[in-house]
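Chemist: A structural model of the following input is requested.
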Amino acid sequence: MLTVHLSVQTEKELQEYCKQNNKTKTEVVEEALQLYLQQAFSSGTPYELGSDLFGLEGSKQTDLSATFKKGLKAKLNRKYSR
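Modeler: Residues are numbered from 1 along each chain as shown. Alright, predicted model coming up:
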């Protein structure tokens with residue numbers, strides 16, 4: 001058994017959520033704790049956990065940090081070899 005003290009605002013939000021989703025407070029809290037614990041104990045490095053988010057903005061290339069110097073040299077050579 002677990003007793004949890006919530007702020008008045010959180011209690012209201014929980015009650016409203018339970019009413020809208022036809023769930024008990026116990027069901028909602030148990031689901032939330034399961035998700036939290038699953039994430040807390042998930043294996044993987046921070047990089048592995050966010051790898052789907054890194055290096056994809058704009059260019060869609062995932063190796064920009066590894067090939068930055070090579071790309072910079074190529075751009076400089078094109079600019080100054082005219």
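
Chemist: Give me the distance between the helix or strand of the chain with the lowest mean pLDDT and the centre of its chain.
Modeler: One helix or strand of the chain scores below all others by mean pLDDT, DSSP states H and E: helix 46-50, with a mean of 80. Relative to its chain's centre, helix 46-50 lies at 9 Å (C-alpha atoms, centre = their mean, to the nearest Å).

Chemist: Against which helices or strands is it packed?
Modeler: Contacting helix 46-50 under the criterion 3 or more C-beta pairs under 8 Å, 6 or more residues apart in numbering; DSSP states H and E is no other helix or strand. (Glycine included, C-beta is placed from N, CA and C.)

Chemist: could you say which helix or strand contains residue 35?
Modeler: In the assignment (DSSP states H and E), residue 35 maps to helix 25-40.

Chemist: Could you list the residues in contact with that helix?
Modeler: 4, 14-15, 17-18, 21 (C-beta atoms under 8 Å, 6 or more residues apart in numbering).

Chemist: tell me which residues in it are buried?
Modeler: Of all the residues in helix 25-40, those buried under the rule 16 or more other C-beta atoms under 10 Å are residue 29.

Chemist: can you give me the mean pLDDT across it?
Modeler: The pLDDT scores in helix 25-40 average 92.
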